[in-house]
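Asker: Sequence and predicted structure are below.
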Amino acid sequence: MDATILLVEDDPSIREITRIGLQDAGFRVETAGDGREALLRFRHQRPDLVVLDIMLPYVDGLEVARAIRAESSVPVVMLTARAETVDVVVGLESGADDYVTKPFEMPVLVARIRAALRRAQQIEPAETVTLGDLHIDVLGHRVVRNGEELALTPTEFRLLLELARRPGQVFTREILLDRVWGYSYLGDSRLVDVAVQRLRAKLETGDPARPLIETVRGVGYRAAR
């Protein structure tokens, strides 16, 4: 795979080991050791994907992710030393597509990167999907309600689209990991739960009795008919 990865990690030993591992996997790798350098390199190099540590000097990884997402839909995989749900929530809300917990195994990180790159390269058909009062412009990656565009991250958009295309069909967490994130055997089901939680918050209409995304207890999720 001939893709360029921007690796942002402040620990020199972890940065070097990860750089070598990614190069051995066939990627071109640019590196940065702090948040300010990361943004400069991102804007200069325009990488295909960013691997981004959360704890960085000067500008932390969450702020870097927000800045990247404000100007680009490039995939972002965050590295975190903690895996509490709150960290997953904040990372996804900042615009990250996925996260990997330290210490990580290189094959896991490589698999996550390849899955994210495949998702980014998918060509969607020109269509508009409707769910309740939502109008989903697939090619434009826009979701509009009553003329107002909703601010969704790329992952939230893919999740909504997957559910909205098949209203009433129940999707297990494993199926959503496969179809939205591109893998099932390496996934953390909390990734799905947190993404659904954040998506629901953005789609909330004020009527909790009529949610657009329903939980099927013990199974998964479905879009309302």
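Answerer: Nice, I can see it.
Asker: Please name the residues that touch the residue nearest to residue 79 when sequence neighbours are not counted.
Answerer: Spatial nearest neighbour of residue 79, chain neighbours left out: residue 53 (4.5 Å); criterion: C-beta to C-beta, 6 or more residues apart in numbering. Where C-beta positions appear, they are placed from N, C-alpha and C, glycine not excepted. Neighbouring residues of residue 53 by C-beta atoms under 8 Å, 6 or more residues apart in numbering: 8-11, 61, 78-80.
Asker: Apply 7 Å and report the result again.
Answerer: 8-10, 61, 79 (C-beta atoms under 7 Å, 6 or more residues apart in numbering).
Asker: most surrounded residue in those residues?
Answerer: For these, counting by other C-beta atoms under 10 Å, the largest number of neighbours falls to residue 8: 28 neighbours.
Asker: List the contacts of it.
Answerer: Taking C-beta under 7 Å, 6+ apart as the test, what residue 8 contacts is 32, 38, 50-53, 56, 61, 64.
Asker: quick one on the thing from earlier: where does the residue nearest to residue 79 fall, phi/psi-wise?
Answerer: When read as degrees, to the nearest 10, the backbone of residue 53 gives phi -70, psi 150.
Asker: And residue 128, by the same measure?
Answerer: According to degrees, to the nearest 10, residue 128 has phi -120, psi 130.
Asker: Run through the residues that contact the most centrally placed residue in the chain.
Answerer: The C-alpha lying nearest the average C-alpha coordinate of the chain belongs to residue 97 (C-alpha atoms, centre = their mean; 1.3 Å). When contacts are counted by C-beta under 7 Å, 6+ apart, residue 97 touches 75-77, 116, 154-155.
Asker: Would you mind giving the residues you listed as a markdown table with distance to residue 221 added?
Answerer: Compiled in a markdown table, the contacts of residue 97 are given as follows (distance: C-beta to C-beta, whole Å):
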| residue | distance to residue 221 |
| --- | --- |
| 75 | 23 |
| 76 | 24 |
| 77 | 23 |
| 116 | 22 |
| 154 | 19 |
| 155 | 14 |
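Asker: with those residues in mind, which one is nearest to residue 105?
Answerer: Sorting those by how near they are to residue 105, with C-beta to C-beta, puts residue 77 at the top with 14.2 Å.
Asker: quick one: pLDDT of residue 107?
Answerer: Each residue has a pLDDT score; the one for residue 107 is 92.
Asker: which residues touch the helix or strand in which it is found?
Answerer: Using DSSP states H and E, residue 107 sits in helix 106-121. Under the contact criterion C-beta under 7 Å, 6+ apart, helix 106-121 has outside partners 1, 3, 5, 21, 25, 48-49, 75, 77, 97-98, 100, 181-183, 186.
Asker: Which one (most neighbours) among those residues?
Answerer: residue 97 (30 neighbours).
Asker: in stretch 146-160, what counts as buried?
Answerer: Neighbour-count burial for stretch 146-160, with 16 or more other C-beta atoms under 10 Å as criterion, is recorded at 150, 152-160.
Asker: ditto for stretch 170-179
Answerer: 171, 173, 175-179.
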